[in-house]
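Visitor: starting from these lines, generate the structure:
(one chain, ligands or ions: 1)
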Amino acid sequence: MKLSQKIQEMELSPIRKFVPYADQARAAGKKVYGLNIGQPDIKTPRAFFDAVQNFDQEVLAYANSQGIPELLEALVGYYKRIGLDFEKKDLLITNGGSEALSMIMTAILDPGDEVIMAEPFYTNYKTFIKAAGGNIVAIPTTAEDGYQYAVREKIEGVLTPKTKAIAIINPGNPTGKVLTKEEMDLIIDIVVKNDLYLICDEVYREFVYDGKSMSTFGAYKEAAQNVIIVDSVSKRFSACGARIGSIASKNEDLMKNLMKICQARLCVPTLDQVGSAALYNLDPSYFDDIKKEYEYRRNVSVEALNEIEGIKYGVPEGAFYLFPKCSSFFGKSDGETTIHNSTDLAMYLLEKGHVATVGGDAFGDAECFRMSYATSDENITEAMRRIRDVLAKLK
Ligand SMILES: Cc1ncc(COP(=O)(O)O)c(C=O)c1O
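Guide: Presented below is the predicted three-dimensional model:
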């Protein structure tokens, strides 16, 4: 028996690669600073649990494949508050943003079709796109060029007859890049002119700092047929375990066809939808404190990071990740271990300092490594102190 070529070409998630090592260290009574996963420590709003507790039905039945009406209505309300006129018929509830992305790729890609993405990008896109038979065509960007990918020549330069879509993560993971209005206008112009889908992963939409206001590709009426919005309660409401995501699009043909996959997977867990409806009904002021807290943590971590010899890092504009360069440590050794690349460095930080991070090769930039600052400022400060001390041993 032989596995498919495509599954053999996929990789395990590098973000979760070190989890067994971290678990081992924890089992041995060590505190591990888990900066590898974007798992917010901010409390899930009480409204989620209250709604689940008040669920009063005698049978926990299958839900509607599209999603339960309360959640669809709550999502319509949330979009309305941010200026978007999605109606219930334009929405599908999914098992997290992850399932939304997988379904979209399956619905739009034929074998060999291409999706343009700015690199570095959230590593699991490789699996979503490969599973659907497609290929990623990367536009390389760096911190030095401000992670700028919305440049006409860069995007038009990689268009081919096989290009089906541009996928944008805005704000970016792992880069923190936030698109300007001009950059968004340009992307819209390109997708409309070239008849491409625009997959807009806006799961970090609210998390933009320095007084910037949030933006969404859903606002471009002229591209309503191209735009597919992916959302999730995971980061937005600190509810990663709820596994509730969504697809929003005015493209009726796409939505009608996506329903085939929704119906085959029957439904999304009912109780998670009940709780998530309460989350999407929260007053938007909920985000004010959360944003302030993340901005503060970002500032604390960037400051601490820049005190580490060998690391120089700018200020990410959004989401909750740091992606500093660590190539100045490549080739260095503590006498026993030599660091050859960013994955070695991540392993070294975990073994010696009990700080879990992710090597940047996973995201398409092997010179960097990723950390999440969705944890308390005490944890961040201690993790950064440990990183500084561990790296100081490398000569
Ligand atoms: C950019 C981006 N998109 C999608 C996801 C998927 O999140 P979930 O499946 O929890 O909604 C993540 C999770 O880290 C992410 O960072």
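Visitor: please count neighbours and contacts with C-alpha atoms only from this point.
Guide: Noted.
Visitor: ok, the residue nearest to Phe323 when sequence neighbours are not counted - how many residues close by?
Guide: Leaving aside its sequence neighbours, Phe323 sits nearest to Arg370 (Cα to Cα, 6 or more residues apart in numbering; 4.6 Å). Per other Cα atoms under 10 Å, the neighbour tally for Arg370 reads 27.
Visitor: from Ile169, how far off is Arg370?
Guide: 16 Å (Cα to Cα, to the nearest Å).
Visitor: again, but for Pro69
Guide: 28 Å.
Visitor: higher neighbour count, those two?
Guide: Ile169 (24 against 15).
Visitor: show me which residues of this structure are close to the ligand?
Guide: 38, 96-98, 122, 169, 173, 201, 203, 232, 234, 240, 243, 245 (Cα under 6 Å from any ligand atom).
Visitor: so Arg370, which state does it fall into?
Guide: Counting by DSSP: H, G, I helix; E, B strand; the rest coil, the backbone at Arg370 sits in strand.
Visitor: I'd say it and Pro174 touch.
Guide: Yes. With contact defined as Cα atoms under 8 Å, Arg370 and Pro174 form a contacting pair (6.8 Å).
Visitor: between these two, what contacts are shared?
Guide: 321-323 (Cα atoms under 8 Å, 6 or more residues apart in numbering).
Visitor: all strands of this structure, in order?
Guide: 33-34, 91-95, 114-119, 135-140, 163-169, 197-201, 227-232, 244-248, 321-322, 355-356, 358-359, 369-372 (DSSP state E).
Visitor: could you pull out the helices in the stretch 251-395 of the chain for me?
Guide: 252-264, 270-280, 286-305, 342-353, 377-392 (DSSP state H, counting those that start in this stretch).
Visitor: can you find the helix or strand of this protein with the lowest average pLDDT?
Guide: helix 19-27 (a mean of 84; mean pLDDT, DSSP states H and E).
Visitor: buried set for that helix?
Guide: 21-22, 25 (16 or more other Cα atoms under 10 Å).
Visitor: closest one of these to the ligand?
Guide: Ala22 (18.7 Å; Cα to the nearest ligand atom).
Visitor: residues near Asn257, how many?
Guide: Counted with other Cα under 10 Å, Asn257 comes out at 13.
Visitor: what's the spacing between it and Ile108?
Guide: Taken as Cα to Cα, the span from Asn257 to Ile108 is 10 Å.
Visitor: do the same with Asn306
Guide: As for Asn306, its distance to Ile108 is 43 Å (criterion: Cα to Cα).
Visitor: contact partners for the closest residue to Leu71 other than its chain neighbours?
Guide: Sequence neighbours aside, Ala277 is the residue nearest to Leu71 in space, at 4.2 Å (criterion: Cα to Cα, 6+ apart). Neighbouring residues of Ala277 by Cα under 8 Å, 6+ apart: 48, 70-72, 74-75.
Visitor: mind running it again at 6 Å?
Guide: 70-71, 74 (Cα atoms under 6 Å, 6 or more residues apart in numbering).
Visitor: same thing with Phe320?
Guide: Contacts of Phe320 (Cα under 6 Å, 6+ apart): 372-373.
Visitor: any idea how the protein splits into domains?
Guide: 5-43+287-392, 46-280 (automatic domain parsing).
Visitor: tell me, how many residues neighbour Ser249?
Guide: The number of residues near Ser249, taken as other Cα under 10 Å, comes to 23.
Visitor: so it touches Gln225, yeah?
Guide: No. Contact status for Ser249 versus Gln225: not in contact, 7.5 Å apart, counting by Cα atoms under 6 Å.
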